[in-house]
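Student: Mind looking at a prediction? Sequence and model below.
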Amino acid sequence: MSDRDRLAGDAAAIARKLAPVAASGQEGRVNRRLIGGLAQEGLLPRLFPRRAGGIRDEDVSAVDLCAVREALAKESTVTENAIAIQTLGAYPIVLAGSDEQADRYAGPVARGEAVAAFALTEPGAGTDAGALALRAERDGKGYRLSGTKVFISNAPDADVYTIFARTTAGAGTKGITAFIVNGDAKGLSGTAMRLLSAHPIGRLELDGVLVSARQVLGEVDRGFKLAMRTLDLFRPSVGASVIGMAQAALDAAIAHASSRQAFGRPIKEFQAVPRSR
Ligand SMILES: Cc1cc2nc3c(=O)[nH]c(=O)nc-3n(C[C@H](O)[C@H](O)[C@H](O)COP(=O)(O)OP(=O)(O)OC[C@H]3O[C@@H](n4cnc5c(N)ncnc54)[C@H](O)[C@@H]3O)c2cc1C
């Protein structure tokens, strides 16, 4: 068995073990007990490098994320979502952060002690993320952030946000910088949004949030590249998680067609009901 198969198998077993914790959360809000459990069971640290509180020699790969997300999605979409958003929120810090930033901000996320979120989308900038307008204006050695983010998974409950903001007006994708912002920062507020599915997601308002130079992530005006690098790492596993969900739905349909009786036999024996397996 390969390391990747073992990781996926362990992830599925952990999801089954934590099923009662996953079911006990409040719909649409972050389930901190679940995130803590995923760390205690050792899954979260297996997705982070040592310098960011994990146990890996290197950063997680897109293929490992695919294996874990597909395996989790077969068992529990709530658990799959929790792992996906927690890692997505912290990986800009892993990819571009100094050792100090990785240890201080991503470390607690890998240990399940803090909740992370990735904040790129705005009311006027979705697919066209390079059009984002949330302002970052110089204030002494730091910056003041003002504007709105929407559809941010894990908001407004997260403890640490990677927030992408405009540092150079009119420069498109070349004028965006990434910042690490604490969830309890003065001037930061948020509200939960309701989607059709039970996904923790919200809107953030930043009203002159002061961040120090030590909270700048990577190079000034190079944040868009970091956002795309992070999404490149995570996007393939969105497809993998959907495959996991589709497999779970197919398994449930086959189980139902095998047990449901009509006219004295299981309905899978009728010609119009597919009888795979
Ligand atoms: C469940 C969920 C979780 C999310 N989590 C996060 C998160 O954690 N952080 C975050 O920053 N954002 C998050 N988002 C926001 C997500 O990234 C945006 O919804 C996405 O970027 C699309 O933006 P939009 O909804 O504004 O659609 P729009 O940009 O308005 O697009 C509308 C439609 O037009 C199409 N379209 C746009 N441009 C083109 C083009 N050039 N060619 C062809 N078609 C085009 C799009 O495909 C889409 O179908 C989340 C969204 C959802 C639904």
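Tutor: Right, received. Where do you want to start? Residues are numbered from 1 along each chain as shown.

Student: Phi, psi for the one residue in the stretch 1-150 of the chain that gets nearest to the ligand please.
Tutor: Ranked by CB to the nearest ligand atom, the top residue of the stretch 1-150 of the chain for proximity to the ligand is Gly126, at 2.0 Å. In short, each C-beta sits where N, CA and C put it, glycine included. Dihedral angles of Gly126 (phi, psi; degrees, to the nearest 10) stand at phi -110, psi -100.

Student: what about it, neighbour count?
Tutor: Residues lying near Gly126 (other CB atoms under 10 Å) number 13.

Student: List the residues that contact it.
Tutor: Gly126 makes contact with Phe151, according to CB atoms under 8 Å, 6 or more residues apart in numbering.

Student: Please apply the same query to the one 3 residues further on.
Tutor: Contact criterion CB under 8 Å, 6+ apart gives 120-121, 164, 224, 227 as the residues in contact with Ala129.

Student: Give me the distance between it and Glu58.
Tutor: According to CB to CB, to the nearest Å, Ala129 stands 27 Å off from Glu58.

Student: again with Ala155
Tutor: Distance of Ala155 to Glu58, computed by CB to CB: 29 Å.

Student: who's more crowded, the two?
Tutor: Ala155 (28 against 7).

Student: excluding its backbone neighbours, what's nearest that one?
Tutor: In this structure, Ala155 finds its nearest non-sequential neighbour in Gly202, 3.6 Å apart by CB to CB, 6 or more residues apart in numbering.

Student: mind checking pLDDT for the one you found?
Tutor: The model reports Gly202 with a pLDDT of 96.

Student: what about it, is that helix, strand or coil?
Tutor: The local conformation at Gly202, judged by DSSP: H, G, I helix; E, B strand; the rest coil, is strand.

Student: Now do the contacts for it.
Tutor: The contact partners of Gly202, by CB under 8 Å, 6+ apart, come to 152, 154-157, 190-193.

Student: from those, which would you call buried?
Tutor: 152, 154-157, 190, 192-193 (16 or more other CB atoms under 10 Å).

Student: Name the nearest of these relative to the ligand.
Tutor: Ile152 (4.8 Å).

Student: measure that closest one to Leu195 for me?
Tutor: 12 Å.

Student: who touches both of the two?
Tutor: Ile201.

Student: ok, and does stretch 144-156 reach over to the ligand?
Tutor: Yes - using CB under 6 Å from any ligand atom, stretch 144-156 reaches the ligand at 151-153.

Student: Just list what the helix or strand hosting Thr230 packs against, helices and strands only.
Tutor: Element membership of Thr230, judged by DSSP states H and E, is helix 223-259. Helices and strands touching helix 223-259, by 3 or more CB pairs under 8 Å, 6 or more residues apart in numbering; DSSP states H and E, are helix 62-75, helix 77-96, strand 160-166, strand 176-182, strand 265-266.

Student: Quick one, which of the ones you listed gets closest to Asp251.
Tutor: Closest to Asp251 of the helices and strands packed on helix 223-259 is helix 62-75 (CB to CB; 7.9 Å).

Student: The residue lying closest to Ala248 once chain neighbours are set aside - how many residues pack around it?
Tutor: Counting by CB to CB, 6+ apart, Lys74 is the residue found nearest to Ala248 once chain neighbours are left out, at 4.8 Å. Applying other CB under 10 Å, we find 22 residues neighbouring Lys74.

Student: partners of the helix or strand of the chain with the lowest mean pLDDT, with directions?
Tutor: When each helix and strand of the chain is scored by mean pLDDT, DSSP states H and E, strand 265-266 comes last, with a mean of 93. Partners of strand 265-266 in the sheet, by DSSP bridges, are strand 261-262 (antiparallel).

Student: and the residue nearest the centre of the chain, how far is that from Lys186?
Tutor: In the chain, the C-alpha nearest the mean C-alpha coordinate belongs to Ile85, at 1.3 Å (CA atoms, centre = their mean). Using CB to CB, Ile85 is found at 25 Å from Lys186.

Student: Could you list the contact residues of the stretch 51-200 of the chain toward the ligand?
Tutor: For the stretch 51-200 of the chain, the residues in contact with the ligand (CB under 6 Å from any ligand atom) are 118-121, 126-128, 151-153, 195, 199.
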